[in-house]
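Engineer: could you work out the structure for the sequence below:
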Amino acid sequence: MHDAARIAADLRNLLGGDAVLTDPEDLVKYESGWRYGKGKALLVVRPGTTADVSKLLAYCHAQAIRVMPQGANTGLVGASNPDASGEMLVLSLERLTRRLDIDPINRTALVDGGVLLSTLNAALVAQGLMFPIDLGADPTIGGMIVTNTGGTRLLKYGDVRHNLQGVEVVLADGTIIDALNHLRKNNTGLDLKQLFVGTSGVFGVVTGAVLQVAPVPRQQATALVGCVSGDAALALLQALERDLADVFTAYEVISANALGPVFAHHPDIRNPYGASQPPAYTALVELSSTLPLDALDLPEVLEERLGAFLEGEAGEGLTDVFMGKPEDFWAIRHHISEGLRSEGKVLAFDISVPRSRMAAFTEAAVALLAKDHPFVRACDFGHWGDGGTHLNLVWDESTAPVPTDELVPLLQARIYELAVKGFDGSFSAEHGVGPHNQRFYDAYTPEVVRALNGALKAHLDPKRIMGTTRLD
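Structural biologist: From the prediction side, this is the model:
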């Protein structure tokens, strides 16, 4: 076992007294995840510069101290929390926030890894710019890179991988890799930054990044469209992309089972269906443009296109069209998870399948539940525009015939098998890999891929001190 007092004293001498936390009350917020993951930290260290991160990791490497890199700790698979051993040091990026340099002509931002998404966007807005990854949490940029964050507007802007131009990374032994490339075109060999995207921090700590940023839209238009089936929702998606691809920003699809609890538990949110029963699915459509209203009236364009679609043969699959304010319709979408938690036990899945198979996958999942677990409701919603769905399963634990601790792993195994093996999908569309879903990574990742990951891990972190996620 490590001597925490000695290590804390060494690190205070190395990095300064305020960089090290040892009081159990101070450690609590670093030990538990947003949804999953709860461990015990040896201590927490908060370096303020890349040089300090390098000194810390060199020390930990020499002492064989395991390290858990942590951003804002908003991940959903437990990948940013220490294990239960009490032997892992948490390396928090919360003070690594000094650099935030915007180049409006190059349309890039150079930021430290600990800068929050909200802080970055607050600085960008003065230049009429934004980092276009939109999500409910407020993560650090370093955390977004190592989890390859997607968000609700991936359809238009792509994920973090598509908006990343360069990185600065500190390896497990303290080596600093400066790949802070500001170029959009640099075809000179291995694109090194991509080696660290989506790897949960186990290959190194991202201490800085160059991000491509986008102009803030001048206008948006949103609509809620009732669809009688998943196939109808996909037909609408195809039509909107065909007619409005240049301004089509987001396409979220919400099942009736997911929509109902929002209005039941949040009476302040207006229900456009009123007393009527919502259809099987409701699509949230968003258009956006940098053109002013006098050059392009987006609400008028959207209303006209939806009207034309309704009048066509495919329009038989639609039941309602509601035009409205973006903030009102997005409030419905963002309160789904909270509404479902008020309904009972929630088992959340983050799944992707080819878009063309989304409706069939959902039907198969619902049929599986109806046959073998009829007390479990499928309350699905998500980013159908990019092939992602949050298939949330809800049940009343007090009346369920199977205990939760037995039911959860059973449902996970069956739903993931259906998605991966039955529909060529992924068990993690955007949440990444961590202790919560490690066994499914182990089950579904090809051996040759794991062997390659193992070779990289052995080279970049030979003492295996970084993180708890295993990619090999």
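Engineer: pull the contacting residues for the spatially closest residue to residue 71 that is not a sequence neighbour.
Structural biologist: Using C-beta to C-beta, 6 or more residues apart in numbering and skipping the chain neighbours, the partner closest in space to residue 71 is residue 143 (2.9 Å). To be clear about C-beta, it is placed using only N, CA and C from the backbone, and glycine gets the same treatment. Residue 143 sits next to 70-72, 74-75, 80, 93, 113, 149 when contact means C-beta atoms under 8 Å, 6 or more residues apart in numbering.
Engineer: redo that, cut-off 10 Å
Structural biologist: Contact partners of residue 143, counting by C-beta atoms under 10 Å, 6 or more residues apart in numbering, are 69-75, 79-80, 93, 113-114, 116-117, 137, 149, 160, 200-201, 206, 432.
Engineer: keep only those of those residues that are in strands.
Structural biologist: Judged by DSSP state E, the contacts of residue 143 include 69-70, 206 as members of strands.
Engineer: neighbour-wise, which of those residues leads?
Structural biologist: residue 206 (32 neighbours; other C-beta atoms under 10 Å).
Engineer: so the residue nearest to that one when sequence neighbours are not counted, which of the three states?
Structural biologist: Leaving aside its sequence neighbours, residue 206 sits nearest to residue 142 (C-beta to C-beta, 6+ apart; 4.1 Å). Secondary structure, DSSP: H, G, I helix; E, B strand; the rest coil: residue 142 is helix.
Engineer: residue 142: what's it in contact with?
Structural biologist: Here residue 142 is in contact with 69-72, 93, 96, 111-115, 167-169, 196, 201, 205-209 (criterion: C-beta under 10 Å, 6+ apart).
Engineer: same thing but 6 Å
Structural biologist: Shown in contact with residue 142 (C-beta atoms under 6 Å, 6 or more residues apart in numbering): 71, 93, 113, 206.
Engineer: which pLDDT value belongs to it?
Structural biologist: For residue 142, the pLDDT comes out at 97.
Engineer: before we move on, back to that, distance to residue 241 added to the contacts of residue 142, as CSV?
Structural biologist: Formatted as CSV, the contacts of residue 142 follow (distance: C-beta to C-beta, whole Å):
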residue, distance to residue 241
71, 34
93, 38
113, 35
206, 33
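Engineer: sorry, back to before: turn the ones in strands among the contacts of residue 143 into JSON lines, columns for distance to residue 310.
Structural biologist: JSON lines is the format used below for the ones in strands among the contacts of residue 143 (distance: C-beta to C-beta, whole Å):
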{"residue": "69", "distance to residue 310": "51"}
{"residue": "70", "distance to residue 310": "49"}
{"residue": "206", "distance to residue 310": "47"}
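Engineer: go through those and name the one nearest residue 221.
Structural biologist: residue 206 (36.0 Å; C-beta to C-beta).
Engineer: surely the closest one meets residue 145?
Structural biologist: Yes - using C-beta atoms under 6 Å, residue 206 makes contact with residue 145 at a distance of 4.9 Å.
Engineer: in a strand, residue 178, correct?
Structural biologist: Yes - counting by three-state DSSP, residue 178 is located in a strand.
Engineer: hey, what's it bridged with?
Structural biologist: For residue 178, the beta-bridge partners under DSSP bridges are residue 168.
Engineer: look up how far residue 169 lies from it.
Structural biologist: Applying C-beta to C-beta, to the nearest Å, the value for residue 178 to residue 169 is 9 Å.
Engineer: so which of those two has more stuff around it?
Structural biologist: A direct count of neighbours by other C-beta under 10 Å for residue 178 and residue 169 places residue 169 higher, at 28 against 12.
Engineer: and residue 394, which of the three is it?
Structural biologist: Three-state call for residue 394 (three-state DSSP): strand.
Engineer: how about it, what does it touch?
Structural biologist: Counting by C-beta under 6 Å, 6+ apart, residue 394 has contacts 340, 343-344, 346, 377, 379.
Engineer: of those residues, just the buried ones, PyMOL syntax please.
Structural biologist: Per 16 or more other C-beta atoms under 10 Å, the buried members of the contacts of residue 394 correspond to this PyMOL selection:
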select buried, resi 340+343+344+377+379
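Engineer: how far away is residue 470 from residue 89?
Structural biologist: Distance from residue 470 to residue 89, by C-beta to C-beta: 19 Å.
Engineer: between those two, which is the more surrounded one?
Structural biologist: The residue with more neighbours, out of residue 470 and residue 89, is residue 89; 26 against 17, by other C-beta under 10 Å.
Engineer: other SSEs contacting the helix or strand harbouring residue 56?
Structural biologist: For residue 56, the host element (DSSP states H and E) is helix 50-63. Where contact means 3 or more C-beta pairs under 6 Å, 6 or more residues apart in numbering; DSSP states H and E, helix 50-63 is packed against strand 164-170, strand 205-212.
Engineer: buried set for that helix?
Structural biologist: 50, 52-61.
Engineer: and what of stretch 73-92?
Structural biologist: Quick answer for stretch 73-92 (16+ other C-beta under 10 Å): 73-83, 87-92.
Engineer: any idea how far apart the tips of it sit?
Structural biologist: 9 Å (C-alpha to C-alpha, to the nearest Å).
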